Structure formats: structure tokens, C-alpha cells
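> I would like the atomic coordinates for the input below:
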Amino acid sequence: MKQSITKFHKPLAALIIILSLSLVSVLGYLGGVFDFPEYKLYDARVKLFAQASRPSDDIILILLDQYSLDWAQRERGWGWPWPRKAYAEIVDYMNLGGAKSVAFDVLFSEPSVYRNARQDEIIDNAVRNLEQAQAQAAETRSPRTTAPLIRDIIGALQELGGRKDDASFAQAGKNYGRVVQTIFFSTQAGSLEAWPEGLDKPLFKLEGFDPIISRFNLPGDTGRAGAQFPVPELRDTAGILGNVTGYRDLDDEIRRVKLFTVFDGKAVPGLSAASLIVSGWGNTVTYNQKKKLIQWGDYSIPVDKNGSSLLRFRGELDRYIPYYAGEILQSAEAYAAGTEPLLPPEDFKDKYVFFGFYAPGLYDIFNTPISSVYPGMGIHVTMLDNILQQDFIRESPVWLGILIIAVSVILIVLLVLFSNRIPLTVGGTVLVFGVLIVCCTGAYQFAGTWVPLAAPLSAAALAFITATLYSYATEGSQKRFIKSAFSRYLAPSVIEQIIADPSKLNLGGEKREMTAIFTDIQRFSSISEALQHEYADEGPKVLVNLLNLYLTEMSDIVLANGGTIDKYEGDAIIAFFGAPIWTEKHASLACRSALEMKKREKELVGEIMKNDGPFSSPLSGLIEKGVIRGDRPLYTRLGINSGSMVVGNMGTPNKMDYTIMGNAVNLAARLEGVNKQYDTGGILISEYTRDKIGDEFVIRGLSRVRVVGINTPLRLYELLELREEASEETLDMVELWEKGFRAYENQEFLEAKNTFAAVLGKNGNDRVAKLYLGRCEKYLPSPPLPEKWDDGVDNLTEK
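Now for the predicted structure:
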């Protein structure tokens, strides 16, 4: 069966996905598709940072709350509504304290209904006379009656009483000169459609507004706009009139306010702007078209495409300095009586004062980012606060939103299509989303900018889904093939590297420099035969379990170091390093694996020889019979060689293996067997491997040899230890060994004998030293002839 890795045109696919998704997302962004979720994400930013900004200390609120209503009912006998003289007292007290202005967020469009006691008495008598006259007329059926006259008297008295109450409020405003009364504009209601003739109140003088003046008309203004003014007494004596018209976004929420509204060709300031004008600010404003802001003296007010200013809310209304109407009236009463007031008038000096209803059921509520029941007065208070502190929120330019969308799509598509590692893809995607959220949120707080978030997040999510589906559809089969083909003999990390870059894998034959490692368990054939013969019932099971345990542990070490398992031949493991993933460290990784395998072997011996283990009894029996040695019941020999090898998928169409072949492979196999001829500690490497591992390992040189089938002599080295883990004793031994071995190869057998004896004296288990010591003792009485010595080359006759 032919296996191949399909090459996909990823760059082209990525480009198509990026362009198409960016176009769709940008069109949706420009077309308002993401407006509603964007509003909600913006509101979340507003709530998150509302408490982080400090309200202006120059603004004071006077709230008519339930406490004030109860106090007035109890102490003054006032029901609701209050008489206008109550507001007059409040204005007089603010005047006394030197407040900069007092803005009433209350529309006094109807005359007061309050009268004095004498007027009430006259009206009561008139009502009784009216009732009697109507009854008399009914009895006599007389058309003539005094009822119309009495009714006119009652109406006149009622109006006179209300006017006197309004007059007290109007006089207080006139005396103060800095009261802001409220007007309201609407395209659907309003008693007046034009500015009252002769009403001379401060208005904005506009400069440079001609190109955008229509933005300041009422929403939906088609030519008819109505206005609700205060009663004439209050209108005429107010220092200025401020409009309280609100402007809602598409989700019916108020986030913005206009500095002024055009009515009947006049730029009528909002309640907050009116408070500043009446306190002494100039009324000339200039529009800077380049910067898209209104310049008012030294202050700047940014405006959007509709002429509105985006507010930075400070939180709930009570974060401003709140006083209550009942406390003000008590303080005014105490001050007039010469006693200590509850609130000294000096508390209000140079403050901008807002008066509004705050009792349940009295105040108007609006949906804002802070609350769905936010008091309407708070919107104008926030506008004034933003003007004074110059920290309005600005909407980012459209091009920035488009750029963020495009960058988000590009990053996500590149991550999904080119990272090819799930943790990196997921982690990178989460990072992109996190950066978007953090940057857009931070821009609000630290730069005062509303950067769009919903559109980029949606575009990024769409990019992730689209790119993932494409990747799965086009590359899923490729990845599944790689995992299926290599999971048996490659570490998962190596498989992931191949999946990440399939170009690293060439399943056809290729020649490359690699390192091969062959392992074999000493006397395992004897162990196998003895177990089956001596333990007929449980022997096969013990044999299989022991071999599986050994092969698993050793193979895991090879895979952990990036090696590839070629095959198992009985108890032998054939592995190689440098394919399918190339690495220059293939020789070092093979040597490191060999040392780790010998270390794990010692641990395994301790585990399998435990008295309560399944292997202890059978193996102990084999030791007693002399089948295996008691000091090493499980002993691995390893041969390692580096060189040019052929690697690839080899076999038949129905059965293939990813394997290696070549003389360098054969030499590694020969070296494994040479271990027993030199009685090494278990690991032999060739001079070719030695040349590639540098000083990373502790090794000692042995003779040059001609192995079976290879005529060229090569130097053998015994691999002893990682240098970083070697003891001083080992390093000293190797230094002494090299001195003795040089003497041996120079045929200075006496010096060599003494040196090898010294090495053996330090470690009586060093069988290699014992071997060469024996040779020296043999050669001392009768040195070999030159043709026999052959420069010290050993000709090996066994594989």
C-alpha cells in the first residue's frame, strides 16, 4: 500500500481565508452588525472602571428624597407637591453660601397649586355659596344665577395664590441671578414651537459649526419641534435656561449628551453647559473639524458623528457630594433664627449645585451603562464633571477598528494553519483573545478611548472556526496517517514534530548520517530454554512478562531521547537516532540512552529479584543452576556506531517497516557482540561515534579491531559515564588507564602491566583491566613478533 504525504497549498489557503473573513467582518463592523454586543461590552468596561475615577469635588447635589418629604409633612404640613417657596428658601441659602450656580432638574411647567390661609378661607366660602346657588337654581328652575360669578372668583383666587407662590421662587432666582431652569425639547410634544418673543437668555454663540450644525437638531426633526418651558415667572427670572433633552443609542440606552441643541435656530445649552455659562463662563464655542471637538475657552469637548459627547460615568449618583432638601431647609431655618445650622452655607461656596427629585416614584429614570434605573439628573451631572475634568471618552477612528479586525484574523489563521501543535494553537488563540480584551479595556481606562471589541472578537472566533475546519478537512488524514504509521516506534513528541512539519519526513529511502544502537541480554537464550524446561507451567508466562517489562523500560528511554525503534528481535532492541527527525546530536543522544538503559537495568534487577515478586523464584532457581550469574541476572550489552546509513519504509506493499541498513548498521551490531570478548561494563562505541560526542561523556580507549566482515581496523571505546555525573575516582581511573594503554600499544608491557594492575587494584570488578593485565603478563616473557603484533590490532573471529 503506497503511503504519501499530501502537500497542501497552505499559504494560498491562508490568504483566501484571511481576505474573505476580514472582508466579511469589516463589512459587518461598518454596517452595524456588531453594535448591540459592542454596546454591552462597552458597558462592562464602564462598570469595571467607574469606581476608579474620582468625581469632581466642585459639584454638589441637593436631593429631594423620602426623608425630606416626611420631614416637610411632619414639621411644615406640606403634602406633595411642595410649595414653590421651599425651592425659594433653597435658592436663597445657596445665594448666601456663594454657590456658583443652582440647576434645577425639574420642569416647572405648571403654576403652583399652593395658597395662603386667608385665600383658602375665601375659596371655601365661595365654594359653599356656589353649591347653594346651584341648588336654588335647580329648585326654582331659574336660568339666572350667581354661579358663574362665584366660579370666576374661585378661579381668580386660585390663580392668584399659585402666582404668589411662584413669585416667591421667581424672586429668589432673580435675587441670586444664577439659577438654571429647565426646558425640554421634543418632536412629538411641547406647548411652543418657537422661542418666546422677547425672551433674552444666554445662548451659545457658534463659530465653525456650519458644516455640522444639523447634528445638533433634535433626533427625527423634520421641521416641527416643540418645547416645554417653565411658567413665565420662573422662565423670565432664571439666569439661564438649560435643556434636558436626552439622546439614546440604538439599544435605548443613554451614553452621550449634546453640549447644546438647536431649537428655532438658537443653540440652547444643555443643563450642564448652562450651569457653567451662568456662573461666568463665556458662551462662544468653536468647532475644530480636524480634531472633531468643540473648543470652549481652554476646555475641549469631543463630539461624535451625531454631535454628542461620550460620557465617562463615575458610578452611582451618590458618589457625588449629596445633600438632602430637608437638611437645607432646616439649615436655612436655623441660620435665620441665629442658631448653628446643620449645613453651614460656606459648604456650598464656589460649587455647582444640582437639585433633583430622588424619592421613589418622583424622579425620571433612564437606562445607562451604570444602571437601568439611573436618575436622569445624573446624566447632566456627569456631563458637567467630564467638562471640568476633561476626561471624556472618545470613539476610536474607524480605520483602527478595521486594522484590529484584520490583525486578529491574520494571527488566528496563521496560528491554526501553521503552528500544527494543539497546545500552541489553543494557547496562542487564548492569548490573542486575551490581548484584545486587555488592550481594549486598557484603552478605555488609560487612554479614554472606546476601541471596538465585539467585531474583533467575533472575527477572531470566526477565523478560528474556519481555519480549524479547513485544517481538519485537508490535513486531518495526513496527521492520522503519520500517527498510525509511527506511533509504534516514535515518541509522541517526535510524532508531533513530524506533524508540525511533514517536510522533515521522507518515507522513501534516503541516505543520511545517523547513529545506530543494538542491545542484547546476556545468555537470554539460556534463560528462555531453562524457564520453559524447568518451569513448564509458569515458565512461558514468566518469560513473556519479563521480556515485555524489559523491552518497555528500555524502549521508553530510547523514545524519550528522540530515538526511533527499528524492531525487536527476541530480546534485542534495534534503534537509531537522526531519523525521521534530523538532529546533529544523534550520537550524543544514542550514548545518553545507552547509559540510562544500563542505569535502569540495575534498578530493574532490584525490582525483579524482590522475594515477593513474580520473577524472584524462577530467576533464583536459574542462578542456583548456574544458568545466569547471581551478580547480574539481567545484563545488557550495547553496541553503538555512527555513519552513513540508508533509512526509509522497506518491505512489501502489505507489510512495511521504517528501518535502516548499511555497513554502519552492521558495525553497530558487531560492536554489541564484541562487548563479551573484552568483558566490558556493557557499552562499546566506535571511533566514528567518539568523534561526534566531544567531551560530554567519560570514555576509555580500547584496542583497534577488525570485526567479522569489515577489514578496516577501527578503534573501540568503552562508554563509562556522563562527564557531568562522573566521580573524581572515575576521572582519575580514566587518566591512569590512558597512560597504561599508551604503554601497551607501544609494547612497553612492564609499564602497562603495572598501570593496569593499579587500575584493577582500585576496582577489582574491572574486567577490562584484568583482560589487558593478562595480556601484558603473557607478552612480558615472549613479546609478539611484529607481524603478529600488527600495531596492536585485534582480529575478531566471532560476531
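> Output the helix or strand harbouring Leu638 in PDB with nothing but the alpha carbons.
Using DSSP states H and E, Leu638 sits in strand 636-652. Coordinates of each C-alpha in strand 636-652 appear next as PDB, following Å, rounded to 0.1, in the frame of the first residue of the first chain:
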ATOM      1  CA  THR A 636      22.600  -5.900  28.700                       C
ATOM      2  CA  ARG A 637      25.300  -5.400  26.100                       C
ATOM      3  CA  LEU A 638      25.100  -2.500  23.700                       C
ATOM      4  CA  GLY A 639      26.900  -1.500  20.500                       C
ATOM      5  CA  ILE A 640      26.800   2.000  19.100                       C
ATOM      6  CA  ASN A 641      28.100   3.200  15.800                       C
ATOM      7  CA  SER A 642      27.700   6.400  13.700                       C
ATOM      8  CA  GLY A 643      27.900   6.700  10.000                       C
ATOM      9  CA  SER A 644      26.100   6.900   6.700                       C
ATOM     10  CA  MET A 645      23.000   4.700   6.600                       C
ATOM     11  CA  VAL A 646      20.000   4.100   4.400                       C
ATOM     12  CA  VAL A 647      16.700   4.800   6.100                       C
ATOM     13  CA  GLY A 648      13.100   4.500   4.800                       C
ATOM     14  CA  ASN A 649      10.000   2.400   4.500                       C
ATOM     15  CA  MET A 650      11.000  -1.000   3.400                       C
ATOM     16  CA  GLY A 651       9.000  -4.200   2.800                       C
ATOM     17  CA  THR A 652       6.100  -5.200   0.700                       C
END
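> Adjacent strands (with direction) for it?
Paired with strand 636-652 in the same sheet, following DSSP bridges, are strand 510-521 (antiparallel), strand 655-661 (antiparallel), strand 683-686 (parallel).
> Now that strand: buried residues?
636-643, 645-648 (16 or more other CB atoms under 10 Å). C-beta coordinates here come from the backbone N, C-alpha and C atoms, glycine included.
> Take the strands paired with strand 636-652 and lay them out in CSV including distance to Ile62 and mean neighbour count.
Converted to CSV, those look like this (distance: least, CB to CB, whole Å; neighbours: other CB atoms under 10 Å):
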stretch, distance to Ile62, mean neighbour count
strand 510-521, 88, 22
strand 655-661, 86, 16
strand 683-686, 92, 27
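> quick one, which of those strands is nearest to Tyr42?
Proximity to Tyr42 (CB to CB) singles out strand 655-661 among the strands paired with strand 636-652, at 57.1 Å.
> Can you tell me what sits against the one helix or strand Leu547 maps to?
If you go by DSSP H and E, Leu547 is part of helix 539-560. The contact list for helix 539-560 (CB atoms under 8 Å, 6 or more residues apart in numbering) reads 490-491, 494, 517, 519, 521, 527-528, 531-533, 535, 564-565, 568, 571, 573, 575, 593, 596-597, 600-601, 604, 608, 614-615, 618, 634, 636.
> Just list the residues touching Met463, thanks.
Check again: residue 463 is Ala, not Met. So Ala463 contacts 17-18, 21, 408-409, 412-413, 416 (CB under 8 Å, 6+ apart).
> let's see 7 Å
21, 409, 412-413 (CB atoms under 7 Å, 6 or more residues apart in numbering).
> Can you name the two of those that sit furthest apart?
Leu21 and Ile412 (9.0 Å).
> Between the two, which has more neighbouring residues?
Neighbour comparison, Leu21 and Ile412: the larger count goes to Ile412, with 28 against 24 (by other CB atoms under 10 Å).
> need the contact list for the more buried one.
Contact analysis of Ile412 by CB under 7 Å, 6+ apart lists 429, 432, 460, 463-464, 467.
> go with 6 Å
Neighbouring residues of Ile412 by CB atoms under 6 Å, 6 or more residues apart in numbering: 432, 460, 463-464.
> can you pick the most crowded of the residues you listed?
Ala463 (27 neighbours).
> Please tell me the pLDDT value assigned to that residue.
We have a pLDDT of 96 for Ala463.
> which element is it on?
Per DSSP H and E: helix 454-486 holds Ala463.
> For Asn306, grab phi and psi.
Asn306 adopts backbone torsions of phi -100, psi 10, taken as degrees, to the nearest 10.
> That one is in contact with Arg215, isn't it?
Yes. Counting by CB atoms under 6 Å, Asn306 does reach Arg215; the two are 5.5 Å apart.
> Report the buried residues of the helix or strand containing Thr689.
For Thr689, the host element (DSSP H and E) is helix 687-693. Within helix 687-693, the residues that count as buried by 16+ other CB under 10 Å are 688-690, 692-693.
> Reformat these as CSV; add distance to Leu241 and pLDDT.
Formatted as CSV, the buried residues of helix 687-693 follow (distance: CB to CB, whole Å; pLDDT from 0 to 100):
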residue, distance to Leu241, pLDDT
Tyr688, 99, 96
Thr689, 96, 97
Arg690, 99, 96
Lys692, 92, 96
Ile693, 92, 96
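> Export those as a markdown table, with columns for distance to Pro269.
What follows is the buried residues of helix 687-693, written out as a markdown table (distance: CB to CB, whole Å):
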| residue | distance to Pro269 |
| --- | --- |
| Tyr688 | 92 |
| Thr689 | 90 |
| Arg690 | 91 |
| Lys692 | 85 |
| Ile693 | 85 |
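> Nearest to Leu69, out of those residues: which one, please.
Here the nearest of these to Leu69, counting by CB to CB, is Ile693; it sits at 92.9 Å.
> thinking again about what came up before, JSON lines for the strands paired with strand 636-652, including mean pLDDT and distance to Lys201?
Below are the strands paired with strand 636-652 laid out as JSON lines (pLDDT from 0 to 100; distance: least, CB to CB, whole Å):
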{"stretch": "strand 510-521", "mean pLDDT": "94", "distance to Lys201": "92"}
{"stretch": "strand 655-661", "mean pLDDT": "82", "distance to Lys201": "92"}
{"stretch": "strand 683-686", "mean pLDDT": "97", "distance to Lys201": "101"}
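> got those as TSV, with distance to Pro783 columns?
Formatted as TSV, the strands paired with strand 636-652 follow (distance: least, CB to CB, whole Å):
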stretch	distance to Pro783
strand 510-521	36
strand 655-661	42
strand 683-686	27
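> Next up, identify which helix or strand the residue nearest the centre of the chain is on.
The C-alpha lying nearest the average C-alpha coordinate of the chain belongs to Gly434 (CA atoms, centre = their mean; 2.1 Å). Per DSSP H and E, Gly434 falls inside helix 422-447.
> Repeat that for Trp82.
According to DSSP H and E, Trp82 maps onto no helix or strand at all.
> Secondary structure class of the closest residue to it other than its chain neighbours, three-state.
Distance criterion CB to CB, 6 or more residues apart in numbering; nearest residue to Trp82, sequence neighbours excluded, is Ala72 at 6.4 Å. For Ala72, the secondary-structure state derived from DSSP: H, G, I helix; E, B strand; the rest coil is helix.
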